[in-house]
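*Asks:* The sequence isn't on hand, but the structure is:
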């Protein structure tokens, strides 16, 4: 936010600092969900044993946010409400199917992450609402996960990024569902449902290496074609679609590797 | 144009209490430099990219160019001026001197404070951890090699447990 002010890209008449509101910084386990307060700083999430244990995808993404000086001050709610399409948390929390709790004069309402990000720096928050809490369901068994991003310099905003989650049931060898969400190259976090379906239909731990390689190549191609030139924007659009496809494939490879080791 | 109301700010910088009245839009960096005279807070990019303006806020490194002075009310700030004890340099400053870790010196205050933040948390970092911790601080002169050496040497020489 402040960089936008410094560059005179935003000229708000007033800013309200939420930091003084007590009780909005916490990470707790609530049975089948993890609840995180909107004022929880990235740094607290980075060093949280609970998140490392229960939400490895989130734990993998947080150290990739900016630099330590950014993570010392940045908050979960700030990142989500700012809705920078190249930020990590909107992408990851969409993949995790997080529920965002907004509070306003008329009370609270819950918005799914998928419906929260409505466009470039735009959210479903109404004018008098603030983001209060993020609730992440733990109802599905995570078999494999991966968060990958590509930036020209370490710590820069990502040119493209991919969150991959593979779920299974019990000790099954089969993938029961998957969540694939990309960011950076698109104006808001984008689920790649064609790849999710492909993974759900065809991937299992007992897949032959050659058929797995073929599925991953198809996944890369599907992701690439879903990043439409024009959405990605400008003359870089071919490069960004290609990059996104590659990140989705590598993310799937890494998620599969972790599934095998479990 | 509407003249903004001034807001009272009281904060501790390098162990001394300061009070001031600031426009709400004033950044902490401008407040520290212009009102309080801590010109070791260097302003490079002024939008949170280069790290030259880094200061410690309640012990953790932050960028003072993207932080409003009014938000620092009641906080304890450490700038580069607050590290040495009299003529005795802070061990990280001494290591920068010993290992030729600066040339023009513009990035140095931010680099040193980022290193202080790292060593408080992680007294014996690996080279990768040092590089990661300093990755938000840009240096145009040194190529970083001697900076990493200096931080590594400072860590080896003394367990820096005392907070600045």
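*Replies:* In hand now; what should we look at? Please read these numbers as outputs of a predicted model, since none were measured by experiment. Residues are numbered from 1 along each chain as shown, chains lettered A, B, ... in the order given.
*Asks:* Can you give me the neighbour number for the residue of the stretch 51-200 of chain A found nearest chain B?
*Replies:* Residue of the stretch 51-200 of chain A nearest chain B, by Cβ to the nearest Cβ: residue A:67 (2.6 Å). No exception for glycine: its C-beta is placed from N, CA and C like everyone else's. Applying other Cβ atoms under 10 Å in any protein chain shown, we find 23 residues neighbouring residue A:67.
*Asks:* Check what pLDDT residue 40 gets.
*Replies:* Just going to use chain A. On the pLDDT scale, residue A:40 is placed at 98.
*Asks:* my question was about chain B
*Replies:* Reported pLDDT for residue B:40: 97.
*Asks:* and the gap between it and residue B:57?
*Replies:* For residue B:40, the distance to residue B:57 equals 15 Å [Cβ to Cβ, to the nearest Å].
*Asks:* swap in residue A:236?
*Replies:* 37 Å.
*Asks:* Mind checking which of those two has more residues around it?
*Replies:* More neighbours surround residue B:57 than the other of residue A:236 and residue B:57, with 22 against 13 (other Cβ under 10 Å).
*Asks:* Which strands or helices does the longest helix belonging to chain A pack on?
*Replies:* Ranked by residue count under DSSP state H, the longest helix found in chain A is helix A:237-261. Applying 3 or more Cβ pairs under 8 Å, 6 or more residues apart in numbering or on different chains; DSSP states H and E, we find helix A:237-261 packed against strand A:141-150, strand A:160-168, strand A:177-183, helix A:193-202, helix A:209-226.
*Asks:* Report the contact partners of the residue most central in space within chain A.
*Replies:* Centroid check for chain A by Cα atoms, centre = their mean gives residue A:92 as the closest residue, at 1.5 Å. Neighbouring residues of residue A:92 by Cβ atoms under 8 Å, 6 or more residues apart in numbering or on different chains: A:57-58, A:61, A:147, A:163, A:181.
*Asks:* Next one: the residue in chain B that chain A sits nearest to relative to residue A:68, how far apart?
*Replies:* Nearest residue of chain B to chain A, counting by Cβ to the nearest Cβ: residue B:136, 2.6 Å away. Between residue B:136 and residue A:68 the distance is 7 Å, computed by Cβ to Cβ.
*Asks:* coming back round to it: disregarding flanking residues, what is the spatial nearest neighbour of the residue nearest to the centre of chain A?
*Replies:* Sequence neighbours aside, residue A:61 is the residue nearest to residue A:92 in space, at 4.6 Å (criterion: Cβ to Cβ, 6 or more residues apart in numbering or on different chains).
*Asks:* Common neighbours of residue B:136 and residue A:68, please.
*Replies:* With Cβ under 8 Å, 6+ apart, residue B:136 and residue A:68 have common neighbours residue B:114.
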